[in-house]
Structure formats: structure tokens, C-alpha cells
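Participant: Could you work out the structure for the sequence below:
(one chain, ligands or ions: 2)
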Amino acid sequence: MQEASYRILVINPGSTSTKIGVFENEVLLMEKTIRHSAEEIGKFGSIIDQYEFRKETILEALDEEGINISKLSAVCGRGGLLRPIEGGTYAVNDMMLEDLRKGFSGQHASNLGGILAFEIASGLNIPSYIVDPVVVDELDPIARVSGFSLIERKSIFHALNQKAVAKRYAKKIGKSYKDLRLIVTHMGGGITVGVHQGGRVIDVNNGLHGDGPFSPERAGSVPIGDLVDLCFSGEYYRHEIMKKLVGQGGLISYLGTSDAVAVEKRIAKGDKEAALIYDAMAYQVAKEIGAASTVLEGQIDAILLTGGLAYGKDFVESISKRIHYLGEIVVIPGENELQALSEGAIRVLNGEENAKVYPN
Ligand SMILES: Nc1ncnc2c1ncn2[C@@H]1O[C@H](COP(=O)(O)OP(=O)(O)OP(=O)(O)O)[C@@H](O)[C@H]1O
Ligand SMILES: CCCC(=O)O
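Facilitator: Ligands and ions are numbered 1, 2, ... in the order given. Next comes the predicted model:
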């Protein structure tokens, strides 16, 4: 019997770009990163206001690439700051759309993923999905305890890429993801270090809202007494502090850029400040991996380093020299998110999995 063929449009909205791809089963037919300038994006009051603009640019890009959207089987978007849910593929429903529009757990470009997928798919009468949104929450109860009873630790991380990379690694070594004990470190604009055990991410730093290492754009954990003083100094509004910590923290706040390649060039020219800050970022990542190793009681099958920063040889070396004694380090640079979205949709279309119903 001939295998069914599925054509999937996948959409991954980021803060400065919209990445799209079209897959025919596992084959990538086209992939495009549509960059949005600060002026273009700056015109909109909120992320949700960018919806029409992003939709038009996606449809134009598909048209330019000669993709006939009437042949699509489904549209799958990166899921955003929804209610905490377990990992998997979810059909977009009304409650999800409402939560994405209002930003149930906050504002993030990926909130647009499910909305764009739904709007494009509904015009074509085909299903829309999201896969492993940033709010995937599989934390062990012990990992939720923050140390202060009014605040609970939350799971907000690069779930899509972490799970995709972990599953790809498991396949490569001929094991089941569920049988592996992994520390997966996604290092992009944000950095998250996830402890994967039994097919769940049982502990991870909240990469968005101040937890873990600093990153190109995020401040990560900072000394809280000083932060409280800053908040009440009368110099800043709440949204200004949040922006400083989340979009303008980390490398940007020290060096004025979130581009690690530009930082490496400065270091090569002898910029000592750049060298110190870049190494401090690696140092904090290594410390977080060290902390994660205790969750697995030192029994670690592999430590996976992924995301854009994993292309940086010196950066990876600077982490590796501090953690090599913990176990095997496997570097898988970049991200696998478009393919992961497509695979998530296909698993449901071919009956391998049922689509989960949000929010259960
Ligand atoms: N060849 C390279 N060497 C060193 N750093 C690199 C290289 N290529 C990209 N990067 C850096 O990786 C970072 C961006 O990573 P990535 O593209 O994974 O992030 P993003 O998708 O914008 O954000 P996130 O992964 O948090 O969603 C930037 O700092 C970029 O300069
Ligand atoms: C994906 C959540 C973490 C981040 O955006 O940095």
C-alpha cells in the first residue's frame, strides 16, 4: 500500500524574524527566514498587533516561492505563552486562541504561531496545530519550590528545540528518548538548560523571566536585593525594568549587541571587556549544567549543546573545559524547530499520536 503524503506549512515567529518552511512528509520543499527590521516591528503596539503584517508576509513569501497553499494538509505553528501543559502536538482551539491573544503567561513572539497557523488553515479547511510550546511543563514537584512561598518556579524554555534535539540524538544512537538521562542546553537569544529524564523535562531554568545563566538578550538570575532596590528607585516603570532584564539584558546590556559573532570579532581585535563578558556567559552556562548534573545524581548519558551559540567554537570550548568531567558532550549547533513542527503535525495526521486537547 502506498504511504500517505502530507504537505505541512510550519511557522516559527521570533522577535525579529518569521521562519517558515513547507515539508512534504520529511522532505523540506522550501524554507525561508523573513527578517523584520526594528522600524517595521516598532510600528506595532503589541506582539498580537503584528498578526496581519506577519500573515501577509508569509503568504507573499509562499507565493514568491511558487507554493500552492491549496495543496497543504495542515499548518503548524510554534506555540507561545499559554497555560502550563505537557509536551506534544495540540490542535488549535478557541481557548488556545483566546489565551494566545491575551498572552496568558506573558508576551512572546511565539504567541503568534498558533494564531497564524489557525487563520491560514481555517481559510483552507485544514487542521492547525502547535507543538511543544515554550510553556511545556513536566517539572518534578521538587523543582517547583523556589525558596520563597509566594513564588513558584515555572517551566518556560525552548521546549520545541530541546525535545527535537534530544529525540534526534536518541535516534542517532539507537535508543529511545524515554530511556535517556540528558542535559540539553539551548543557547540562542535566551539560554535554557533542561534535565531530560524518562521522556520528561523534570527541571529547567525559566529562560524568559529571570532564572539561570545570562544570555545574549536575557539577564538570567540577578542578585535579588539589588533588583528590588532598582525597582523601587523611582527611576523606572515596570515595563522598562522588564525590558532591561528580558530583551535588553545579558550581552546587550554589557556590550550593546546580542550578536555573538560580532562579540567574537571584538575579542579577536583585543577587546578585553568583550572577552570577560563572553567568558562570563560561558561560565554561567557551565555552572547551570553543573547544577543540572546533580538532578540526575551524576548519571548522565550525554550533555547536548545546541542553538546558535553552539556554532561558536571558543564559546563551546569555554563551557566544555568546565564540565567535561560530567559526561559526554555532544554539540548540535543551530535549531531543528521547523522540522520538529512538521514532524509533530505528521505524527497526528498519520495516526501515530492523537492531537492533545488544550489545556488538558
Ligand atoms: N557561527 C556563529 N558563531 C557564534 N555565534 C553564533 C554563530 N551563529 C549564530 N550565533 C549566535 O547565536 C545567537 C542566536 O542564536 P539563535 O538563532 O538560536 O537564537 P534565536 O532563535 O534568535 O533565539 P532563541 O533561540 O532564544 O529562540 C546570536 O547571538 C548569534 O550571534
Ligand atoms: C523560549 C523561552 C525562553 C526565551 O525566550 O529565552
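Participant: Return the residues in contact with the residue in the stretch 251-360 of the chain positioned nearest to ligand 2.
Facilitator: Nearest to ligand 2, among the residues of the stretch 251-360 of the chain, is residue 307, at 10.1 Å (CB to the nearest ligand atom). (Glycine included, C-beta is placed from N, CA and C.) Applying CB atoms under 8 Å, 6 or more residues apart in numbering to residue 307 gives the contacts 158, 161, 185-188, 191, 333-335.
Participant: does the residue lying closest to residue 193 once chain neighbours are set aside sit in a helix or strand, and which one?
Facilitator: Leaving aside its chain neighbours, residue 193 sits nearest to residue 288 (4.4 Å; criterion: CB to CB, 6 or more residues apart in numbering). Element membership of residue 288 [criterion: DSSP states H and E] is helix 272-295.
Participant: Next, report how far that helix is displaced from the centre of its chain.
Facilitator: How far helix 272-295 lies from its chain's middle: 19 Å, per CA atoms, centre = their mean, to the nearest Å.
Participant: what's downstream of that helix, the next helix or strand?
Facilitator: Downstream of helix 272-295, the first helix or strand assigned by DSSP H and E is strand 302-307.
Participant: Per the annotation, how does this structure divide into domains?
Facilitator: With domains defined by automatic domain parsing, the chain comprises 7-136+337-357, 141-327.
Participant: Check the separation of the first and last residues in the longest one.
Facilitator: In terms of CA to CA, to the nearest Å, the two terminal residues of domain 141-327 are separated by 26 Å.
Participant: worst-scoring helix or strand of the protein, pLDDT-wise?
Facilitator: helix 38-42 (a mean of 78; mean pLDDT, DSSP states H and E).
Participant: tell me the mean pLDDT over stretch 10-21?
Facilitator: Stretch 10-21 shows a mean pLDDT of 91 in the predicted model.
Participant: tell me what the helix holding residue 288 is packed against?
Facilitator: Based on contacts counted as 3 or more CB pairs under 8 Å, 6 or more residues apart in numbering; DSSP states H and E, the elements that helix 272-295 packs against are strand 181-187, strand 191-197, strand 200-204, helix 250-255, helix 260-268, helix 313-323.
Participant: rewinding a little: would you mark the buried spots in the least confident helix or strand of the chain?
Facilitator: Buried residues in helix 38-42, counting neighbours by 16 or more other CB atoms under 10 Å, are found at residue 41.
Participant: Not counting residues beside it along the chain, what's closest to the closest residue to ligand 2 within the chain?
Facilitator: Proximity of the chain to ligand 2 (CB to the nearest ligand atom) peaks at residue 190, 1.8 Å away. Distances taken as CB to CB, 6+ apart put residue 207 closest to residue 190, at 4.1 Å, once the chain neighbours are dropped.
Participant: and the one you found, how many neighbours?
Facilitator: Applying other CB atoms under 10 Å, we find 27 residues neighbouring residue 207.
Participant: Give me the distance between the residue most central in space within the chain and ligand 1.
Facilitator: Residue closest to the average C-alpha location in the chain (CA atoms, centre = their mean): residue 158, at 2.9 Å. From residue 158 across to ligand 1, the span is 6 Å (CB to the nearest ligand atom, to the nearest Å).
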